[in-house]
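J.: How does the following fold in three dimensions:
(4 chains)
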Protein chains: 2
Amino acid sequence: MPLTKEHKQKSREKILISALALFSKRGFDRVSINDVMQHAGLTRGAFYAHFESKEDLYAQAISNWPEQSGIVKEYFKGLRGKEFVAKAINGYLSRNHLNQAIPCPLASLVTDVANNNEKIREVYTDVYNKLVTVMNKESTLSESKKNDDMMMAVTAMMVGGVAVGRALVDPDLTDRLLESCRSVAHLLVEGEA
Amino acid sequence: MPLTKEHKQKSREKILISALALFSKRGFDRVSINDVMQHAGLTRGAFYAHFESKEDLYAQAISNWPEQSGIVKEYFKGLRGKEFVAKAINGYLSRNHLNQAIPCPLASLVTDVANNNEKIREVYTDVYNKLVTVMNKESTLSESKKNDDMMMAVTAMMVGGVAVGRALVDPDLTDRLLESCRSVAHLLVEGEA
DNA sequence: GTCTATAGAAAGATAGAC
DNA sequence: GTCTATCTTTCTATAGAC
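T.: Take a look at the predicted model:
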């Protein structure tokens, strides 16, 4: 076992990825530190060499999501403006997104975060702001204030559609919900409203 | 302590109301049976005379929400059609709703439910269907299939707006989010899109 | 039906060896 | 840095008195 900085960094990243996958699937309280460490190929005792507490891990896992999510970067490669926004809507509100090991934490952890401490709510707010900002930047509605408001509402529908879609027990209903949100979201960003 | 049916029913209702208030605020795993019973003015041991398990309580508390929520009935008294839908949007996407002791569980428990068992996801789905159905019935968009889809998207935005609004740490941002969702929701149900 | 007491399991965090 | 072992707390669920 090498004691190098690189090795520690590698362990840290494995822990963060395992954490986000498990937290997304079961929520903060249904995942133990032992679960995360085993998933990362380590043991309990090593945890506190990397993180101060379970809450600390949770916060860092959420804040690292935009970087961690390799799929997202790959998915949007080279796209700009209208095409970016359209693909973001379709990708976010898709069955494939719901089935990802690491879906967007804005949707998969929204209630979990609301019931947790301030630090965690801060990193959630940061991620939310990042999403709204990128959607806003790439969208092409005319008036800038209206655009900002429109994008907050569209992202709320995206997050809501995925969050509710994950909770519903009927897959057909979930698919209808996703499809409805997709079509209305496109309508809104194309400025026909 | 009377052993009448009425007394049992009274206890049962107190437990259900306490449960929904506490679950809404802290989530399933952060509320103990002891917490619920104390809030209802009883002790641990009495719990199992009313419910089979904590999951059973959670499911019944959610499914009873439409009846329990006296505010909702009062709020909509006498309203129909366009006025009902407009008031539903304004009430749901309001700061006041976020501050209620018992907000709509579709928003306050969405992640909690997604991570829980099938019975619980079933009652959540039932409540969701009730909301979409009433919104759909009272709305006045022309074509019926399009109306159904539109109302699913609008409810997703309502639930998403409230759920995300509860998670954000910045009250001003939450208020902007709620306002954006309100204005876009009105735009959508008034059929100008 | 409601109470007190408790069994039994799980988890967060720490201590100390290597 | 990672391991095993353990302290301590908390919680669900049950047992038995009234």
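J.: drop to CA atoms for contacts and neighbour counts, all remaining ones
T.: Will do.
J.: The helix or strand containing A:V36 and DNA strand C, are they touching?
T.: Element membership of A:V36 [criterion: DSSP states H and E] is helix A:33-39. Yes: using C-alpha under 7 Å from any atom of the strand, helix A:33-39 reaches DNA strand C at A:33-34.
J.: helices and strands of chain A: which one bottoms out on pLDDT?
T.: Lowest by mean pLDDT, DSSP states H and E among the helices and strands of chain A is helix A:70-75, with a mean of 76.
J.: what angle separates the longest helix along chain A from helix B:144-167?
T.: Counting residues, the longest helix in chain A under DSSP state H turns out to be helix A:144-167. Between the axes of helix A:144-167 and helix B:144-167, defined by axes from the mean of the first three to the mean of the last three C-alpha atoms, to 10 degrees, the angle is 100 degrees.
J.: Who are the packing partners of the helix or strand just after helix A:144-167?
T.: Moving toward the C-terminus from helix A:144-167, the next helix or strand (DSSP H and E) is helix A:171-189. Applying 3 or more C-alpha pairs under 8 Å, 6 or more residues apart in numbering or on different chains; DSSP states H and E, one finds that helix A:171-189 contacts helix A:81-92, helix A:144-167, helix B:144-167.
J.: and chain A, which residues reach DNA strand D?
T.: A:1, A:3-5, A:7-8, A:11, A:41-50.
J.: Make a ChimeraX selection of the buried ones in those residues.
T.: Here is the ChimeraX selection string for the buried members of the residues of chain A next to DNA strand D, based on 16 or more other C-alpha atoms under 10 Å in any protein chain shown:
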select /A:11,42,47
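J.: Can you tell me the closest non-neighbouring residue to A:E122?
T.: Residue nearest to A:E122 in three dimensions, not counting chain neighbours: B:V169, with 5.7 Å by C-alpha to C-alpha, 6 or more residues apart in numbering or on different chains.
J.: ok, the one you found - how many residues close by?
T.: Neighbours of B:V169 under the rule other C-alpha atoms under 10 Å in any protein chain shown: 22.
J.: For it, grab phi and psi.
T.: phi -90, psi -10 (degrees, to the nearest 10).
J.: So which bits of the host helix or strand of A:K8 are buried?
T.: Assigned by DSSP H and E, A:K8 belongs to helix A:5-26. For helix A:5-26, burial by neighbour count (16+ other C-alpha under 10 Å) applies to A:11-26.
J.: Equivalent analysis for stretch A:95-113, please.
T.: Those would be A:95, A:98, A:102-113, for stretch A:95-113 by 16+ other C-alpha under 10 Å.
J.: Is that stretch positioned near chain B?
T.: Yes: Stretch A:95-113 reaches chain B (C-alpha under 8 Å from any C-alpha of the partner chain) through A:106-113.
J.: Flag every residue of chain A that's near DNA strand C.
T.: Residues of chain A lying close to DNA strand C (C-alpha under 7 Å from any atom of the strand) are A:29-34, A:44-45, A:48, A:53-54.
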